[in-house]
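*Asks:* here are the coordinates; sequence isn't available:
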RNA sequence: UGGGGCGUAGCCAAGUGGUAAGGCAGCGGCCUUUGGAGCCGCGAUUCGGAGGUUCGAGUCCUCCCGCCCCAGCCA
């Protein structure tokens, strides 16, 4: 299989060669406190991808050490997203909470070794004692309690004898270490909170730093891949593992993903949801996996993206165009072509007989002829895209204009012979055209050169649809740099794109689309890729055929539009 | 100004002492019944900078500059 080389694989190759490990076992360890986003997808593809390529295994583990922020809704969504992306954790779905008992035993080991102590300092005092980046910390007055006293106090913490925040269990390391993580980090805090899995069994909960490395160790992880900000924590994880004398995974850090015109922190995404900036975690404008899915992205396109962007330790900001191109590359090969008119303009073919309907042949996918052909109805009255007509065409405009000829895709060559306007508003309401009967698609005369080809739909046969035209959520490249503080109304500072969603009703799509189901993806010829939104789902008691006006498409991504570029310049 | 990282084209990213891959974006052209797709061509005398080692340096050494992360009882 094609392996993408990167520094992580180099390290693994080396470890394998040196015999440090003889298998590869990775894990994807999300905290169930929000929905997964495209940045997590990078990590998922990395971890599961490496496991696959090295014939190893990858676990799914929920790092659920903070019951105040975690919910089952999130664990369900995470499982769905990982599965949807195409990865399988087999029977290896774990929770850090599975290890709470073991972690407690490990803590006892450290206490008995004199390497951990119960501290009575409160949060503020701990901060004061910690020192700063440039000043050393100082020892807590409780640092030298006896093992017996620590054992007793820790057991009582666990039994619930003390209120939240009153005491902690701390590792006894080095209060003057230049690495703040080594200044006697907190291992346990008292939290009388109900955990989504362990209920009220515990009222002390392990800190991430205390749980993570040991969880990896317990699972026999060989390569613990995480993001850059944990680089400073590695010495601490190593210290715990060494003091405990247990299996030692190798931690490797990589740079997290940043994408232009969006944000990638769960905190910001949560804020967007809570402030009603978007319609939930799966809003098609969100960079969440569920949002991308609803938008019409495919798992293949996301995996391709992960592959293309690579992995390194350099902070980076990937242009969304890379993501969009991955999608186009995938959908171009697979999406059935279809004709749809989003902003209809009526067109009458004056010399076409009344009442006649022709069934024309159309190719379902020129990139894949095995997808066959279909029939589409053609008649005297048609709709075309408003943008495909200009009364005063600019230079190089290949479409329809007064006196000009254009090809109707799969049909005939027509010529515009008249423009009908609303006498009051001056708005163009109808085009009068003539067609050349000799130019029917496939006939010898149809080979005639015409500048442009446009798409169309026969309204008397068409299905009605609503189209949700999505654009980027933010209008600035790096919205994380904006002021997100409460009350700052960052939307008012032009950082949120006011046109990120345009709902267009009264669109006409070719008749076959009436049978489309949610999540089906199509290419609307000459426009872009669209997918059927979940809102199209008929009510439970409503037959699929009867959902007038309830066919909703999301614009996933536009086609490359070289004309748009030309016109702009 | 403590500690940990990172600097190769507009954005990513290969490169592991032997003469700068690839992708996206951009720009030309060809082709086309999607202004789609496809195809062809164009960009780094130079790798943050300056010195040094070497026959030879993006790769090794020294110094300097810039950017990111760390002072949660979050993860």
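*Replies:* Good, I have the coordinates. Because the structure is predicted, anything quoted here is derived from the model rather than measured. Numbers count the residues shown, from 1 in each chain, chains lettered A, B, ... in the order given.

*Asks:* which helix or strand contains residue A:91?
*Replies:* If you go by DSSP states H and E, residue A:91 is not part of any helix or strand.

*Asks:* gap between it and residue A:239?
*Replies:* 32 Å (CB to CB, to the nearest Å). Heads up, the C-betas are built off the backbone N, CA and C, glycines and all.

*Asks:* so residue A:324 sits right up against residue A:557, yeah?
*Replies:* Yes: between residue A:324 and residue A:557 there is a contact under CB atoms under 8 Å: 5.0 Å.

*Asks:* those two: who's more crowded?
*Replies:* Using other CB atoms under 10 Å, the more surrounded residue of residue A:324 and residue A:557 is residue A:557, with 21 against 18.

*Asks:* what are the ranges of the strands in the stretch 101-250 of chain A?
*Replies:* A:116-119, A:168-171, A:186-190, A:204-206, A:223-227, A:250-254 (DSSP state E, counting those that start in this stretch).

*Asks:* partners of the fifth one in the sheet?
*Replies:* Spelled out, that is strand A:223-227. strand A:250-254 (parallel) (DSSP bridges).

*Asks:* do the same with the shortest one
*Replies:* Strand pairing for strand A:204-206, determined by DSSP bridges: strand A:186-190 (antiparallel).

*Asks:* how about the nearest residue to residue A:102 once chain neighbours are set aside, what does it touch?
*Replies:* The shortest distance from residue A:102 to any non-neighbouring residue, by CB to CB, 6 or more residues apart in numbering, is to residue A:218 (6.3 Å). Residue A:218 makes contact with A:99, A:102, A:246, A:247, according to CB atoms under 8 Å, 6 or more residues apart in numbering.

*Asks:* and the gap between the third one and residue A:225?
*Replies:* Here the criterion is CB to CB. By it, residue A:246 lies 19 Å from residue A:225.

*Asks:* so for those two, which sits in the more crowded spot?
*Replies:* Comparing residue A:246 with residue A:225 by other CB under 10 Å, the one with more neighbours is residue A:225, at 24 against 15.

*Asks:* ok, now which ones touch that one?
*Replies:* Contacts of residue A:225 by CB under 8 Å, 6+ apart are A:8, A:26, A:43, A:46, A:47, A:50, A:251, A:252, A:253, A:254.

*Asks:* let's go with 10 Å and repeat that
*Replies:* A:8, A:11-12, A:26-29, A:43, A:46-47, A:50, A:58, A:249-254, A:311 (CB atoms under 10 Å, 6 or more residues apart in numbering).

*Asks:* ok, and of the residues you listed, which contact RNA strand B?
*Replies:* Subset of the contacts of residue A:225 in contact with RNA strand B: residue A:311, counting by CB under 7 Å from any atom of the strand.

*Asks:* for residue A:327, which three-state class applies?
*Replies:* helix (DSSP: H, G, I helix; E, B strand; the rest coil).

*Asks:* relative to residue A:85, how far out is the nearest residue to it once chain neighbours are set aside?
*Replies:* Leaving out its chain neighbours, the residue that sits closest to residue A:327 by CB to CB, 6+ apart is residue A:301, at 4.3 Å. According to CB to CB, residue A:301 and residue A:85 sit 11 Å apart.

*Asks:* over to residue A:144?
*Replies:* Counting by CB to CB, the gap from residue A:144 to residue A:85 is 51 Å.

*Asks:* more crowded one of those two?
*Replies:* When neighbours are counted by other CB under 10 Å, residue A:144 and residue A:85 differ, and residue A:85 comes out ahead with 20 against 11.

*Asks:* report pLDDT for that one.
*Replies:* We have a pLDDT of 98 for residue A:85.

*Asks:* return the backbone torsion pair for it.
*Replies:* phi -70, psi -10 (degrees, to the nearest 10).

*Asks:* what do you get for residue A:431?
*Replies:* The phi/psi pair for residue A:431 (degrees, to the nearest 10) is phi -110, psi 140.

*Asks:* isn't it up against residue A:403?
*Replies:* No: shown here, residue A:431 and residue A:403 do not form a contact pair, counting by CB atoms under 10 Å, at 11.9 Å.

*Asks:* what sits in contact with each of the two?
*Replies:* With CB under 10 Å, 6+ apart, residue A:431 and residue A:403 have common neighbours A:416, A:417.

*Asks:* and the closest residue to RNA strand B within the stretch 351-500 of chain A, what is it in contact with?
*Replies:* The minimum distance from the stretch 351-500 of chain A to RNA strand B, using CB to the nearest atom of the strand, falls at residue A:441 (2.6 Å). By CB under 10 Å, 6+ apart, the contact set of residue A:441 is A:360, A:361, A:362, A:378, A:407, A:408, A:409, A:410, A:411, A:412, A:413.
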